[in-house]
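Engineer: coords please:
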Amino acid sequence: MGAIPSANDFIDIVLTRTQRKTPTVIHPGYKITRIRSFYIRKIKFTQQTINERLSAILTDFPRLDDVHPFYADLCNTLYDRDHYKLALGQLNTARSLVDAIARDLIRMVKYADSLYRCKCLKRAALGRMCTVLKRQKASLAYLEEVRKHMSRLPALDPNTRTLLLTGLPNVGKSSFMNKITRANVDVQPYAFTTKSLFVGHCDYRYLRWQVIDTPGILDHPLEERNTIEMQAITALAHLTCTVLYFADISEQCGYTIEQQCNLFHSIKPLFANKQLIIVVNKVDIVSWDSLDPEKKLMLNSLAESSNCTLMTMSNTSEKGVSEVKAAACDKLLAARVDSRISNKKVESLMNRIQVFYPKPRDNVRREAFIPDSVQKAIEDGTFFKEDHKPKRSTTGYAQTIHDDVVVINEDNVPMMDATANKKTARDLMWENGGPGVWAPDYREQYDLKNSEWKFDEVPQIVDGKNIADYYDPDIEAKLAALEKEEQQLMDEFEAGAFGQEEESDLDSEEEAAVEAIRDHIKIARIKSQTNRSQNKPVMSREVRGRSKDKHDLGTRNASVISKAMDKFGIDASKLIERGRKRERSVDSNGRRRRETAADDEMIQDDFGIETENISKGQAKKLKKERDGSRKREASLARSHSRPRSPSQLGLKNEDAATAAKKKEKLGRTSWQGMAGEGDHRKNVSLVKWMNTGKRRGQKTSTIGR
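Structural biologist: Below you'll find the predicted structure:
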């Protein structure tokens, strides 16, 4: 089950989802049908969201009328059946009210004649729905607590094989459960350590068994029992199981044996139609034999009156623990088999079973065949005795430590005694542990040149080589034949392809040059891919080619440039001189020095103002304007397409060009990334009610004057 939000969180979830999943922009200029559908969609979406959430809550919680009676009574004990049903009923009623509100308000929105009326109806619908949810605050909080407690309940199957532990507090129920199951129940030396039902599982006869540890029960009327005790009473009343009633003969639990017997008589009606075992615990402290005869008589009378078994055990010394478990499981198994045999289904099954008796095909009487050895044993009177079977030796496929009849020959090999019968592999298997434990040693049956080699270990590696590669004695001949066949196929392929090569028009030198070019292209492609795969920043043009150190002079060095140009027969002296002059004219900030010196002259020429007569701030402002105009001019110079005149566009004048641009913009019907009705946008605008009323200098509005 999912978490149940509080009433305020529920409202926030619903309204936030409505705001996020529905359009948020509407204008008064739209058609009235579009405005109506806009607000109808919001109301419907809110109603559907609330309906889905409430339906999920109602579906997740179990219906007490449809579950097992044990779970129904347990819910009644823990959560109060009336309160539980009332909370779910209130949520069901709230769901119906929300549907009715949405249906009525949508009908009214269909007849609204303006955006303002539609918006008011939408606000009324969402407000009434939220009011209905606010009233469910107590029910939602109660169901959330129930959900949390249900998630902590143990997974208990009321129909499986079950052992139920009951009795007064602190008599050893939880300790017994920890002994026979994999559960880990808290055990403390005070009463009511166990406050709820705990479930553990154990195995017996290849079956899974469920063990339930119940809280302690006190001897008082049913009406005075609290919630902890009522859980144990509910389990005793509804589960088909074997009940283990624990009694503490040492009386260390704080209750006398007489009080324990009185509790047994008070809850005895709950043991009807159940297998019952009275477990006398803590015999390591007070033994059963040393118990007072009167107390012993009380316990024996309990077993005789209830027609049940009385067993002794101790959790500390584990004496009798496994016997109690086995007896309880066997009792329940026998009872379950008897109940199934006495069922009507068994009779219907027996009616479908037919037993056929063979009819004699002739008048010949055929007696039973009795082997001669059995007949002789019957005559000697040794039949069904230990010595009526023939004696066999203990030797077989493999030798054992129990071999008695063994003969050693000249080769020092054990041989079978001719006077004894040989044991079969099946006999040896059962003697040495059964299937899966013992297997015959088939090496005894190996037919080798030397019988001493039978039980030798076969190595995997010999002299650093894998012995499996030399298993076949003809491996070398086969390998030579395979290589010969492969060489023959290659020769045939080359002979068939001879003379089919395309003739080239290039001579040997040209072909070598072509190959060199192809290799160069391949190397360049590999370098390009390598550089592309490396995550390195791209160097700017100002840094690229400069000298890095004395070992790497860079491509801009004068000697490097002259060597590169000399290869092509070009004099690079003028080029180098021009570069030196340009380098001298540029300062460290990348600006030309003459530009810095001529700034004042440019300002004076462009604006007709002498720099001596203006302040530094004005000069700086004029300089900024000049730099901006220069950047705009450079941008226009770098642009690929300049704005054309109307005559170049095929239009008459500027008005015609403007009209053409407007028509082109209106003709674009595809979405260009502009805002739509699903985008939440608030424009600052002054509507009529903000412009009417009293103003400054006037008492009332001038409208209508």
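Engineer: show me where pLDDT drops low in this protein?
Structural biologist: Along the chain, segments meeting pLDDT under 70 span 384-421, 469-471, 497-504, 529-553, 584-614, 630-644, 648-649, 667-705.
Engineer: tell me where it has strands.
Structural biologist: 162-167, 198-204, 207-213, 242-248, 275-281, 309-312, 406-408, 414-416, 461-462, 465-466 (DSSP state E).
Engineer: mind putting the ones you listed into TSV with mean neighbour count and distance to residue 152?
Structural biologist: C-beta: built from backbone N, CA, C; applies to glycine. What follows is the strands of the chain, written out as TSV (neighbours: other C-beta atoms under 10 Å; distance: least, C-beta to C-beta, whole Å):
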stretch	mean neighbour count	distance to residue 152
strand 162-167	25	20
strand 198-204	18	12
strand 207-213	20	16
strand 242-248	25	25
strand 275-281	23	29
strand 309-312	18	34
strand 406-408	12	68
strand 414-416	13	68
strand 461-462	9	61
strand 465-466	10	62
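Engineer: for residue 663, which of these is the nearest?
Structural biologist: Distance to residue 663, taken as C-beta to C-beta, is lowest for strand 198-204 among the strands of the chain, at 80.0 Å.
Engineer: not counting that closest one itself, show me its contacts.
Structural biologist: Contacts made with strand 198-204 from outside it, assessed by C-beta atoms under 8 Å, 6 or more residues apart in numbering, are listed as 154-156, 174, 177-178, 180-183, 185, 208-213, 325-326, 329.
Engineer: next step: those residues restricted to helices.
Structural biologist: Helix and strand membership here follows DSSP state H; of the contacts of strand 198-204, those in helices are 174, 177, 178, 180, 325, 326, 329.
Engineer: now, the most widely separated pair of those?
Structural biologist: Within the ones in helices among the contacts of strand 198-204, two members stand farthest from each other by C-beta to C-beta: 174 and 326, at 20.4 Å.
Engineer: settle it for me: which of those two has more neighbours?
Structural biologist: Shown here are residue 174 and residue 326; by other C-beta atoms under 10 Å, residue 174 has more neighbours (25 against 12).
Engineer: excluding chain neighbours, what is closest to that one?
Structural biologist: Nearest residue to residue 174, sequence neighbours excluded (C-beta to C-beta, 6 or more residues apart in numbering): residue 185, at 4.3 Å.
Engineer: now stretch 184-201, how far from the chain's geometric center?
Structural biologist: When distances are taken as C-alpha atoms, centre = their mean, to the nearest Å, stretch 184-201 is centred 32 Å away from the chain's centroid.
Engineer: kindly check the end-to-end length of that stretch for me.
Structural biologist: With C-alpha to C-alpha, to the nearest Å as the measure, stretch 184-201 spans 11 Å from end to end.
Engineer: likewise stretch 178-198?
Structural biologist: The straight-line separation of the ends of stretch 178-198 (C-alpha to C-alpha) is 11 Å.
Engineer: got the buried residues for it?
Structural biologist: 178, 179, 180, 181, 183, 185, 191, 193, 194, 196, 197, 198 (16 or more other C-beta atoms under 10 Å).
Engineer: could you list every residue that touches the fourth one?
Structural biologist: Contact partners of residue 181, counting by C-beta under 8 Å, 6+ apart, are 200, 201, 202, 211.
Engineer: list the beta-bridge partners for the residue nearest to it when sequence neighbours are not counted.
Structural biologist: Closest residue to residue 181 apart from its sequence neighbours, by C-beta to C-beta, 6+ apart: residue 200 at 3.1 Å. Residues found in beta-bridge contact with residue 200 (criterion: DSSP bridges) are residue 211.
Engineer: measure residue 200 to residue 271 for me?
Structural biologist: Taking C-beta to C-beta, to the nearest Å as the measure, residue 200 falls 22 Å from residue 271.
Engineer: alpha carbons of stretch 280-288, as PDB, please.
Structural biologist: Coordinates of the C-alpha atoms in stretch 280-288 are reproduced here as PDB (Å, rounded to 0.1, in the frame of the first residue of the first chain):
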ATOM      1  CA  VAL A 280       5.800 -28.900  31.000                       C
ATOM      2  CA  ASN A 281       8.800 -26.600  30.700                       C
ATOM      3  CA  LYS A 282      11.800 -25.800  32.800                       C
ATOM      4  CA  VAL A 283      12.400 -29.300  34.000                       C
ATOM      5  CA  ASP A 284      16.100 -28.500  34.300                       C
ATOM      6  CA  ILE A 285      15.200 -26.400  37.400                       C
ATOM      7  CA  VAL A 286      12.600 -28.700  39.000                       C
ATOM      8  CA  SER A 287      12.600 -32.200  37.600                       C
ATOM      9  CA  TRP A 288       9.300 -34.000  36.800                       C
END
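Engineer: what's it in contact with?
Structural biologist: Stretch 280-288 has contacts (C-beta under 8 Å, 6+ apart) with 171-172, 176, 246-250, 252, 296, 299, 310-317, 319-320.
Engineer: thought residue 216 was touching residue 170?
Structural biologist: Yes: here residue 216 reaches residue 170: they are 6.9 Å apart, a contact under C-beta atoms under 8 Å.
Engineer: spit out the residues that contact these two alike.
Structural biologist: What both residue 216 and residue 170 touch, as defined by C-beta under 8 Å, 6+ apart, is the set residue 191.
Engineer: got phi/psi on the nearest residue to residue 42 once chain neighbours are set aside?
Structural biologist: Spatially, and ignoring its direct neighbours in sequence, residue 42 is nearest to residue 22 (5.3 Å; C-beta to C-beta, 6+ apart). Listed backbone geometry of residue 22 is phi -120, psi 160, with angles given as degrees, to the nearest 10.
Engineer: where along the stretch 251-400 of the chain do the helices fall?
Structural biologist: According to DSSP state H, counting those that start in this stretch, the stretch 251-400 of the chain carries its helices in the segments 257-266, 293-306, 321-341, 344-351, 372-380.
Engineer: please identify the most buried of the ones you listed.
Structural biologist: helix 257-266 (a mean of 17; mean count of other C-beta atoms under 10 Å).
Engineer: ok and that one relative to strand 242-248, angle-wise?
Structural biologist: For helix 257-266 against strand 242-248, the angle between stretch directions is 160 degrees (axes from the mean of the first three to the mean of the last three C-alpha atoms, to 10 degrees).
Engineer: what's helix 257-266 packed up against?
Structural biologist: Here helix 257-266 is seen to pack against strand 242-248, helix 293-306 when contacts are counted using 3 or more C-beta pairs under 8 Å, 6 or more residues apart in numbering; DSSP states H and E.
Engineer: dump the ones you listed to TSV, plus distance to residue 467.
Structural biologist: As requested, these are exported to TSV (distance: least, C-beta to C-beta, whole Å):
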stretch	distance to residue 467
strand 242-248	63
helix 293-306	73
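Engineer: out of these, which gets nearest to residue 566?
Structural biologist: The closest of these to residue 566 is strand 242-248. By C-beta to C-beta, the value is 108.8 Å.
Engineer: sheet partners, orientation included, of that closest one?
Structural biologist: strand 162-167 (parallel), strand 275-281 (parallel).
Engineer: I'd guessed residue 374 sits against residue 368; true?
Structural biologist: No: using C-beta under 8 Å, residue 374 makes no contact with residue 368, being 11.0 Å away.
Engineer: for stretch 151-165, measure first residue to last.
Structural biologist: Taking C-alpha to C-alpha as the criterion, the two ends of stretch 151-165 lie 23 Å apart.
Engineer: chain center to that stretch, what's the gap?
Structural biologist: 27 Å.
Engineer: select, out of the helices and strands packed on helix 257-266, the one closest to residue 57.
Structural biologist: Taking C-beta to C-beta, strand 242-248 is the member of the helices and strands packed on helix 257-266 nearest to residue 57, at 37.9 Å.
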